[in-house]
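Colleague: Quick one: sequence and predicted model below, then my questions.
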Amino acid sequence: MQNYSSELKVFLRKVAKFVSPLILLLLALELIGYRSGELIPVREVAKLQAASGEELLYERGLVTQGQAEFKLIQLSVRRPEVVMLGSSRVLEFRKEVLPEMNSFYNAGGLTRSVEEVASFFDTVPAGYSPKILFVGIDSFWFDDKNSPSHSNAPGAFSDDEVSSPEAHWYVMRSIGKMAFTNPRQLWQIVVGRDALTGLRAIGVSALSGSGFRNDGSFQRGKEIIYRRQFPSYGDTEVPPIMERVLMGLGQFPHGGRALPERLTEMERFLASARARGVYVIGFLPPYSHEVYRELASSPNFKNSFPVTRAALVRIFRESNYPLYDFSDLDTLNMSDDFLFDGLHITETGAARLMLDMLTKEADKIGISEAALNKLKSISESPETTPTELDLR
Amino acid sequence: MQFTSLVFVIFLTLTFLIYWKLDLRKQNIFIFFASYVFYGWWDYRFLLLLFISTVVDFYAARQMMLYPDSPARKRYLYLSLAVNLGLLGFFKYFNFFIASAQDFLQGFGFSRASVWTLNIVLPVGISFYTFQTLSYTVDVYRRRIEASRSFVQFAAFVSFFPQLVAGPIERASHLLPQFGRPRNFDYPLAVDGLKMVLWGFFKKIVIADNLALVVNALYADSHSASGTALLLGTIFFAFQIYADFSAYSEIARGTARLFGFDIMRNFAYPYFSRNIVEFWRNWHISLSGWFRDYVFIPLGGSRVVSKTRYIFNIIVTFSLSGLWHGPNWTFVLWGFLNGIYYVPSIIFPNYFKKYQLGNDKDVARFRDVPKIILTFIFILLTWVFFRSTSVAQAWQILGKIFSSPFDASILTDLRYLGSLGLVAFLVTCEWLSRGREHPLEFGFIPRPARIAVYMAVLAAIFFIGQYEYIPFIYFQF
């Protein structure tokens, strides 16, 4: 070993002097990234939400979130007795609309296809089964022209993206850019509260008021803020759901048919539930009036939508489980104002659906009259709007 | 280990700090060790190939020295050629020749299904280090240099990590002796090295990788892109490949300087060339020199009886240099076309003479811009073949470029406008610094201004840089 030459020492000193402020700046950006919640691993968020007495709102905006993984971790941490299962269409069911069911978790987003519903019991930790399972079923899951999805199959989850240096670098760069393009948002990160309800926000998107609450339900902050200004119904999806239905886009391909194999998957799932002693309450979430009319009457869907509905009624009946078909909003005399778009219901709409189901299932799931009255009063409070519930 | 990665920055820092603590002998051992770590980071299995090439060439050269007048000397040269070209041929060209033979036989009615190919992974940098070691054994055979007596020095020379994966393809006569000389830390050299590394990072991450997104999208869907967009995409590719490859070379040179080594310049502002001869004097200089010395001259070079033979030698050399880039006829055509471009310089040598002399002081001036643009247009045509995945796609793109009407929508497309901005910035920077080695070589401006420029470059890398994993283009060669 030899000592560094004086020239080399000067060089190292100068490089260190040049680089030190840059490293400090990067460290500061990393810290802000962590403060924003973007760099907190999903597993840690799940534990925070499960343990915290404080309500936290979680939605990343820069790093991929891993929604299904997040929900699955929550289930394994909490092991709730009552679980809501389905796609994003069931995410507005919050714990307040299930009075007396303290052990509730909304796992909406964990299952986005009938295959994923069918593999639910294989996906959750061994030995765990909820007592009551609400399952929101999307009619288009059964369409042969829609690809099956197995993204929550055991072993299908990839590593949380925040474990990669690239994600940290990306967050640091995004936050650095914010300093120039949106300093207000940078300040919001430091404050760390969501724009709608002031909850502690984890993730940049949660700052705007959109994110998963502790109970797994989704607070649609942006849409709610918009609705406060423009209360009437207007489809906020891009492209709008009706356009998808008319053009045969996305989940609504024209000329599809209900696939018997997928209906069998639902039968398999119900049989598994029965074997585990789980009480399943199925329901078909609503569509807007025009979307429902098109699905129900257009020749483009004649072999899919009505066939699926009829088949599901039969399957549930044969399995001795209830199925509530809310596809048509008129079932509960609701207007389109109870939807955010052609297929996503508001919290108030979800409360009405739940009230209907709980009233009919009260005996079987053991819910008291008082609890039902409480939900009814929330739902009918003058302060409750079609979008927001009066939870005071 | 990609140069533009955090891992490399950490690797470089640690290697640098340890290296200067060691004496010469240990420095060479350490470079050898560090280079194998660097290379093994991609795939440790390919270290064996590198080691085999090193051992065989060291041994062959030593044997040539032991038997100076014996016919055995030639046998050892053949051994080196066989091993290096064998490795290259198998790993890089096996499937190409099989597939080409298939196509050929199919033309005579033979069945295609009867011939088989292998699923071979191309070891990164194999074209570079095999050529570097080949030049060593050939030079020993020609008695231009003496065989190295130290295996460590030779192994460090072959595997020297800054230029191992994508060149410059160094000559043993230039680089190998540097491993035998004591190296003292040279402050100005190291500072200049850091500046080169910084400029290389900028060219790769900001210019090349941002252009890559537009180019890849256009060439991946050339059927639906308009002729104007494809023309623009090809211009962007010309600058992408230049920024990408010259960035690698500059990072390599800069890194080598940090360790007290001087490796050759690989690019000298080639797009400011005023004709094809000058372009090839300034583009991928180390490879052009290699083909000149080890292919063109052995073929007879320019000292042949007829101009026809001279032209033949040039075209064969260029076509082989095209094939060196990859097992695809698109590369061969790229080389062939460049060879054809060279023909006027053979027919009218007097006009091109001054550009062949290698006068570095003779930089392009503003009045040369028309010639520069004309040269660029010729080069641009060859890039269509180079970038296309097949000859058919190249013809399809050229057909569209020359036959489609002007597509005005590109004028409002932010992707194209942003890319044009990057190209314009690069061209301006390089034009202003064309008399120097690189644009950050500006000791003549005040220190605060210099620091402001470095900060601006770093900020551009941080904010405008493209961080999707886009390997250096020449890694695939």
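Modeller: It's in.

Colleague: Any residues of chain A in contact with chain B? List them.
Modeller: A:1-2, A:4-5, A:7-8, A:10-11, A:15, A:18, A:22, A:165-166, A:169-170, A:173, A:176-177 (C-beta under 8 Å from any C-beta of the partner chain). For every residue, glycine as well, the C-beta is placed using N, CA and C.

Colleague: make it 6 Å
Modeller: Applying C-beta under 6 Å from any C-beta of the partner chain, we find that chain A lies next to chain B at A:M1, A:Y4, A:S5, A:E7, A:L8, A:F11, A:P165.

Colleague: Check the last one and give its pLDDT.
Modeller: Spelled out, it's A:P165. Here the pLDDT value assigned to A:P165 is 83.

Colleague: Not counting its neighbours along the chain, what's nearest it?
Modeller: In this structure, A:P165 finds its nearest non-sequential neighbour in B:L6, 5.5 Å apart by C-beta to C-beta, 6 or more residues apart in numbering or on different chains.

Colleague: For B:F51, the count of nearby residues, please.
Modeller: For B:F51, the neighbour count with other C-beta atoms under 10 Å in any protein chain shown is 14.

Colleague: Likewise for A:G255?
Modeller: A:G255, neighbours per other C-beta under 10 Å, totals 14.

Colleague: for A:F305, same thing?
Modeller: Neighbours around A:F305, by other C-beta under 10 Å: 26.

Colleague: same check, this time on A:Y233
Modeller: A:Y233 has 20 nearby residues by other C-beta under 10 Å.

Colleague: what residues are up against it?
Modeller: Contact analysis of A:Y233 by C-beta atoms under 6 Å, 6 or more residues apart in numbering or on different chains lists A:D336, A:D337.

Colleague: Give the residue spans of the stretch 101-250 of chain B that score low on pLDDT.
Modeller: B:110-122 (pLDDT under 70).

Colleague: now with 90?
Modeller: B:101-129, B:142-143, B:163-167, B:182-184, B:221, B:223-225 (pLDDT under 90).

Colleague: rewinding a little: just the buried ones among the residues of chain A next to chain B, please.
Modeller: A:L8, A:F11 (16 or more other C-beta atoms under 10 Å in any protein chain shown).

Colleague: Please tell me I have it right and A:L29 contacts A:S174.
Modeller: No. When contacts are counted by C-beta atoms under 6 Å, A:L29 is not listed as touching A:S174 (9.1 Å).

Colleague: any idea of the mean pLDDT for the lengthiest helix in chain A?
Modeller: Across chain A, the longest stretch assigned as helix under DSSP state H is helix A:6-36. What helix A:6-36 shows for mean pLDDT is 93.

Colleague: Give me the helices and strands touching the next helix or strand along the chain from that helix, please.
Modeller: As assigned by DSSP states H and E, the chain's next helix or strand after helix A:6-36 is helix A:42-51. The helices and strands touching helix A:42-51, judged by 3 or more C-beta pairs under 6 Å, 6 or more residues apart in numbering or on different chains; DSSP states H and E, are helix A:67-78.

Colleague: can you do 7 Å?
Modeller: Judged by 3 or more C-beta pairs under 7 Å, 6 or more residues apart in numbering or on different chains; DSSP states H and E, helix A:42-51 is in contact with strand A:56-58, helix A:67-78.

Colleague: Please tabulate these in CSV and include distance to A:S379 as additional columns.
Modeller: Listed next are the helices and strands packed on helix A:42-51 as CSV, based on distance: least, C-beta to C-beta, whole Å:
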stretch, distance to A:S379
strand A:56-58, 23
helix A:67-78, 26
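
Colleague: want to try JSON lines for those, with mean neighbour count, mean pLDDT and distance to B:T133 as columns?
Modeller: Shown next, in JSON lines, are the helices and strands packed on helix A:42-51 (neighbours: other C-beta atoms under 10 Å in any protein chain shown; pLDDT from 0 to 100; distance: least, C-beta to C-beta, whole Å):
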{"stretch": "strand A:56-58", "mean neighbour count": "25", "mean pLDDT": "94", "distance to B:T133": "56"}
{"stretch": "helix A:67-78", "mean neighbour count": "21", "mean pLDDT": "88", "distance to B:T133": "49"}
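
Colleague: Which one, of those, ends up nearest to A:P183?
Modeller: Across the helices and strands packed on helix A:42-51, A:P183 has its closest neighbour in strand A:56-58 (22.2 Å, C-beta to C-beta).

Colleague: what's that closest one packed up against?
Modeller: Against strand A:56-58 (3+ C-beta pairs under 7 Å, 6+ apart) you get helix A:42-51, strand A:200-202, strand A:210-212.

Colleague: Go through the last one and flag the buried ones.
Modeller: Okay, so that is strand A:210-212. Neighbour counts over strand A:210-212 (16+ other C-beta under 10 Å) mark A:S210, A:G211, A:F212 as buried.

Colleague: How many residues are close by residue 341?
Modeller: Chain wasn't specified; assuming chain A. 20.

Colleague: Oops, wrong one, chain B.
Modeller: B:Y341: 21 neighbours (other C-beta under 10 Å).

Colleague: Quick one: residues contacting it.
Modeller: B:I276, B:F378 (C-beta atoms under 7 Å, 6 or more residues apart in numbering or on different chains).

Colleague: mind checking how far it is from A:T236?
Modeller: Going from B:Y341 to A:T236 by C-beta to C-beta, to the nearest Å gives 58 Å.

Colleague: Likewise for A:I224?
Modeller: Taken as C-beta to C-beta, the span from A:I224 to A:T236 is 11 Å.

Colleague: same check, this time on A:S113
Modeller: Counting by C-beta to C-beta, the gap from A:S113 to A:T236 is 24 Å.

Colleague: With neighbour numbers in mind, choose between those two.
Modeller: A:S113 (22 against 17).

Colleague: Mind telling me what element B:D57 is part of?
Modeller: Short version, using DSSP H and E: B:D57 is in helix B:47-66.

Colleague: Now do the buried residues in that helix.
Modeller: B:47, B:49-50, B:53-54, B:56-65.

Colleague: from the residues you listed, which is closest to chain A?
Modeller: Closest approach between those and chain A, by C-beta to the nearest C-beta: B:L47, at 24.7 Å.

Colleague: distance from the centroid: which residue in chain B tops it?
Modeller: B:G109 (39.9 Å; C-alpha atoms, centre = their mean).

Colleague: quick one, what contacts that residue?
Modeller: So B:G109 contacts nothing (C-beta under 7 Å, 6+ apart).

Colleague: Roughly how far does it sit from chain A?
Modeller: For B:G109, the distance to chain A (C-beta to the nearest C-beta, to the nearest Å) stands at 42 Å.

Colleague: and what of B:G465?
Modeller: Counting by C-beta to the nearest C-beta - B:G465 and chain A are separated by 8 Å.

Colleague: again, but for B:A238
Modeller: Here the criterion is C-beta to the nearest C-beta. By it, B:A238 lies 28 Å from chain A.

Colleague: Could you do B:G89 as well?
Modeller: Counting by C-beta to the nearest C-beta - B:G89 and chain A are separated by 37 Å.

Colleague: Name the nearest residue to that residue, ignoring sequence neighbours.
Modeller: Nearest one to B:G89, counting by C-beta to C-beta, 6+ apart, is B:F97 at 8.0 Å.

Colleague: Shouldn't that neighbour be within a strand?
Modeller: No. Under DSSP: H, G, I helix; E, B strand; the rest coil, B:F97 sits outside any strand and is assigned helix.

Colleague: can I get the buried residues of strand A:210-212 in a markdown table with pLDDT?
Modeller: A markdown table is the format used below for the buried residues of strand A:210-212 (pLDDT from 0 to 100):
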| residue | pLDDT |
| --- | --- |
| A:S210 | 93 |
| A:G211 | 94 |
| A:F212 | 95 |
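
Colleague: ok, of these, which one's closest to A:V45?
Modeller: Using C-beta to C-beta, the buried residues of strand A:210-212 come closest to A:V45 at A:F212, 8.7 Å.

Colleague: For the closest residue to the closest one other than its chain neighbours, give its distance to A:F93.
Modeller: What sits nearest to A:F212 in space, not counting adjacent residues and going by C-beta to C-beta, 6+ apart, is A:Y58, at 4.8 Å. Distance, A:Y58 to A:F93, using C-beta to C-beta: 17 Å.
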